[in-house]
Each structure stands twice: as C-alpha cells, then as structure tokens.
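In: Fold the stuff below for me.
(one chain, ligands or ions: 1)
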Amino acid sequence: MAMWGGRFQEASLDEFRAFNDSLAFDYLLAQQDIAASRSWAIGLAEAGIITAEEAALLDGALAELATEVEANPELPLQTKEEDIHSWVEAKLGEKIGHAAKKLHTGRSRNDLVATDLRLWSKLNAGLVRDALQSAIGALLTFARSHYGLVMPGFTHLQRAQPVLVSHWALAYVEMFRRDLSRIDDALARMDVCPLGCGALAGTGVLLDRVTVAERLGFAAAARNSLDAVSDRDYVVELSAAASLCLTHLSRLSEDVIFFCSGEAGFFKLGDAISSGSSLMPQKKNPDVFELLRGKTGRVLGHLVSILHVLKGLPLAYNKDMQEDKQGFFDLMATWQQCLLVLATVLPHLSVNAGQCRRAAELGYSNATDLADYLVGKGVAFRDAHELSGELVLKASAQQKPLEALSLTELKAVSPLISDDVYAALTIEAGLAKRAALGGTSPEQVGSALTAAEQWFAKL
Ligand code: ARG
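Out: As a prediction, this is how the structure comes out:
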C-alpha cells in the first residue's frame, strides 16, 4: 500500500503508477536516503520524540540496509515501491516492524528528496572534480613532452601565426582550471541541508536542524523552508558548469580531429584509440574525439531541460521536480566519463613534428613579423602592414614564401629592408618575439608550463 493511502478508497491505476513512480531511477539515491534517515532518527531521539532504543533500532537497521545496497546497488529495483523514500521505509518495516513507522515523524519526502539529491550532487561533483584533475594532468604531461615543437596557429581556420604545441595544450589547461573553480563555487553554495524543512513550512518537531545537517557533512542548515524544498539551483549550476566544461572539451576535440586529418597531419592517433571503417581498409578514424564532441550536445540538452522544468514552477514543491533526476544523473556520469576518457587517450596522441613545422612555414604566417621588422626600422605599423601585404602579394604571385624573395625584390617595396630581414622572418625569430606575458615565445611557454605544473602539484 502507498504511504499516503489513508484517504483513498480506490487503488491506483497501473498506468498512473507507471507514470508517477520514480523508483526506476531514484534508486540511485538509496545510500543518500539511508544516510539522511540515520541523521534524522538521531535528531528525533535528541529531541525526545522517539526513545534512544527506537533510535538505536532504526540506526542499526539503516546501517544494515546500507550494507545490503552497497553489495547490490540495484536492490531497490526488486520491489514495486513508489520511490526510494518509500522503499527505505518499507525495508525498515520488514526489519524492525513498528519502530520503522516513527521515522517519518516531522519530515516529508519533499525535504528528504532535496537532501538526498544534494548529498548525491556533492559526492558526484567531487568525482567529476577528480576526473577533471586527471584530464588537466594529462594535458600538462602532453605540454611537457612536446615542449619546443612548433605548429601553425589559426584564426578563421586560416593559418595565422606559428605557436608552440605546448601553448595550444596550455590554452585548454586554462579553460579546465576555470571549470575546476566553477565546480568549487557550486560545491560551496550547495553545502546547505534542507532536512527538517518539512513539506514546505518547516518541521513540526522542535529538533536541532544544525546538528542534523552537520552529521550529514553539510556546512549549514537551510535558512528558509519554502526555498529549501524547491531549490534546485545546484542542479542548474552543475549542469551549467558541465555544459561549459564539455564545450571546452568539444572544442579541443574539434581541434584534434582537424589536426589528425589527412589535410593537416599534425597529430596522429595511436591504434589503441582509433577505429577503422568496415568498408574502407585505409581508414583510421578519430571516433573518440567525435564522441566527446557529440556527448557535449547531449549534456547541453540536459541543462536546457532542467531550466525549462523549473522556470514556471510556483513555490514550493511540485511533482515536476521529479524530472530533475534522470537528465542530471546522465549529465554527471557523462561529464565524468568524458574527462576520464580524455585523460586516457591523450598519451596515445603523437605529434608529427616535421609536418607541424612545414605547415607553420606555409601560408605567410611570418607576414606580421615582416611588418614588425619594418616597425623596428621606424615605419608606422599601419604603413608597415600595407608594405608587408604588398610583399605577400608579390611572393604569392610567384608561389613562394616571403623569405624566398630576393633583397632587390624586397627593397623595391621598402628601401628600409636590409639583409637582416631574413633572420627576422624565421619561425624561431617570430616565436621569440612573442615574449610578453601570455605569449607563445619558448621562454613564456616554459614558465607558464612550470607555473601550471606547480599549481597542479599543490592540488
Ligand atoms: N519522487 C519524488 C521526487 O523525486 C519525491 C518527492 C515526492 N513528494 C511528493 N510530495 N509527492 O520529487
């Protein structure tokens, strides 16, 4: 019988049950529901609502249930209970009989589910955090082991200026560092316990909500019962952090897919992380990175879904909120998996140094250096830009790079150009010039890498 059956005269329709029940997915909250119940039972005893013996009976049975669920996480699925909260109560009833009926005193499934989901979110945000650290570690290793190699940098997917391969990897480290701090921000804000807020108006039992919260590892007890039972900000915040983090991962994937293409040939995927084609024997496909890009779409969808579920809800609890779970569970698992996959595959990605360098030399990537050279000779930058552009036009008409123009050809455009221009047009000179903070000079990248490694070692 349902836990709310007293005022009902007819049994529920099976179709209603199938639509209404949530056990098929909220059984994932079993451990959190048990933990919340243990803290609540002790709180009830502390307030003198149940006896110390009853509390000990409840606590022992809940601990036993926790062990059973640990051994078989899908245990709740073996019954037809409405949700994880009624399942836990029903199991307690089987174990200790009458005393189990006292557990729900002064609490509601509304404050309970809000507590369970927060506990679950804290735990899983921590796991994602660990996965993000592994991904950052793998990127730092990649940056360290390819330090010194040069590749083309792009804007508009047109060759722009050469950059160090490590500079590229460190760009993603920056993004992931921001993602890490977003998770930490969300964790700090969600560390508030709704238990003891009742259905909406607060519990009728005068117990110490702060110790109930502290026993569960929360930093504080929620200040407003109406808000506490209907707040899902932490679901939105984690979904938003996931969406942004995966957007970064997706951009990284897009870069890698392009870098591995036959057209670019900068990076090469190891056999262990590539797939082939059932038809074309020569193929080696970057499926892993395509999946990382694809799963990003799925996660962005979950963010949009939860915002839509919440946007029109009046205070306080509404059953719409049951729709906060499936997408969110999938989002957190996908987020963690994608980060761990990135950490696993990066060591199998090699760099074709020769091809990267050849490509960096093409496409007039040193045209800015030529303009800068003229600036060094006293030409105003806008004029230098114009002159360098003229020389690009001249060189491309002859299908050769700038540095293949003769001194006479160069001087015909600007008499200020002399023999030292050829040294200024080398990749090394171009890189070395980008020596201000944040630039791609080997010196700057070297110190950025060391600083990032030191930050990482202290995490
Ligand atoms: N399964 C419900 C949920 O996830 C639990 C809370 C039910 N509360 C209620 N008043 N029906 O939201």
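In: give me the low-pLDDT residue ranges for this protein?
Out: Within the chain, the stretches with pLDDT under 70 are 1.
In: Which is the succeeding secondary structure element to the lengthiest helix in it?
Out: Counting residues, the longest helix found in the chain (DSSP state H) is helix 109-145. Sequence order places strand 150-155 as the next helix or strand after helix 109-145, per DSSP states H and E.
In: check contacts around the closest residue to residue 84 other than its chain neighbours.
Out: Leaving aside its sequence neighbours, residue 84 sits nearest to residue 26 (Cβ to Cβ, 6 or more residues apart in numbering; 4.5 Å). Every C-beta, even on glycine, is put in place using the N, C-alpha and C of the backbone. Residue 26 makes contact with 83-84, 113, 116, 322, 325 under the criterion Cβ atoms under 8 Å, 6 or more residues apart in numbering.
In: which element is residue 26 on?
Out: helix 23-26.
In: buried residues in that helix?
Out: Residues of helix 23-26 classed as buried: 23, 25-26 (neighbour count, 16 or more other Cβ atoms under 10 Å).
In: Who are the contact partners of residue 423?
Out: Contacts of residue 423 (Cβ under 8 Å, 6+ apart): residue 429.
In: re the thing from before, and the ligand, which of the contacts of residue 26 contact it?
Out: Contacts with the ligand are made by 83, 113, 322 out of the contacts of residue 26, judged by Cβ under 6 Å from any ligand atom.
In: Backbone dihedrals for the residue nearest to the last one when sequence neighbours are not counted, please?
Out: Among residues not flanking residue 322 along the chain, residue 22 sits closest, at 5.3 Å (Cβ to Cβ, 6+ apart). Per-residue torsions, residue 22: phi -120, psi 0 (degrees, to the nearest 10).
In: Over to residue 192?
Out: phi -130, psi 130.
In: Stretch 210-228 near the ligand at all?
Out: No - counting by Cβ under 6 Å from any ligand atom, the ligand is not contacted by stretch 210-228; separation bottoms out at 13.5 Å.
In: Just the buried positions in that stretch, please.
Out: Those would be 212-213, 215-216, 218, 221-222, 225, 227-228, for stretch 210-228 by 16+ other Cβ under 10 Å.
In: Which pair of those spans the longest distance?
Out: Distance extremes for the buried residues of stretch 210-228: the farthest pair is 215 and 227 at 21.9 Å, using Cβ to Cβ.
In: near the ligand, which residues of the stretch 1-150 of the chain?
Out: Counting by Cβ under 6 Å from any ligand atom, the residues of the stretch 1-150 of the chain near the ligand are 22, 26, 83, 109-110, 113.
In: Name the residues of the helix or strand harbouring residue 428 that are buried.
Out: Element membership of residue 428 [criterion: DSSP H and E] is helix 427-433. By 16+ other Cβ under 10 Å, the buried positions in helix 427-433 come out as 427, 430-431, 433.
In: Relative to the ligand, which of the residues you listed is nearest.
Out: Distance to the ligand across these (Cβ to the nearest ligand atom) is lowest for residue 431, with 56.2 Å.
In: hang on, the closest one packs against residue 161?
Out: No - the criterion here is Cβ atoms under 8 Å, and residue 431 misses it with residue 161 at 9.1 Å.
In: which residues touch residue 167?
Out: 440, 445, 448.
In: now do residue 75
Out: So, once contact is read as Cβ under 8 Å, 6+ apart, residue 75 ends up touching 27, 30, 68-69.
In: Redo those residues as JSON lines? Include neighbour count, distance to residue 416 and secondary structure.
Out: Formatted as JSON lines, the contacts of residue 75 follow (neighbours: other Cβ atoms under 10 Å; distance: Cβ to Cβ, whole Å; DSSP: H, G, I helix; E, B strand; the rest coil):
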{"residue": "27", "neighbour count": "21", "distance to residue 416": "77", "secondary structure": "helix"}
{"residue": "30", "neighbour count": "24", "distance to residue 416": "77", "secondary structure": "helix"}
{"residue": "68", "neighbour count": "15", "distance to residue 416": "84", "secondary structure": "helix"}
{"residue": "69", "neighbour count": "20", "distance to residue 416": "79", "secondary structure": "helix"}
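In: For residue 244, which non-adjacent residue is closest in space?
Out: Nearest to residue 244 is residue 179, by Cβ to Cβ, 6+ apart, at 6.5 Å.
In: roughly how far apart are the closest residue to residue 430 other than its chain neighbours and the ligand?
Out: Leaving aside its sequence neighbours, residue 430 sits nearest to residue 369 (Cβ to Cβ, 6+ apart; 4.5 Å). According to Cβ to the nearest ligand atom, to the nearest Å, residue 369 stands 61 Å off from the ligand.
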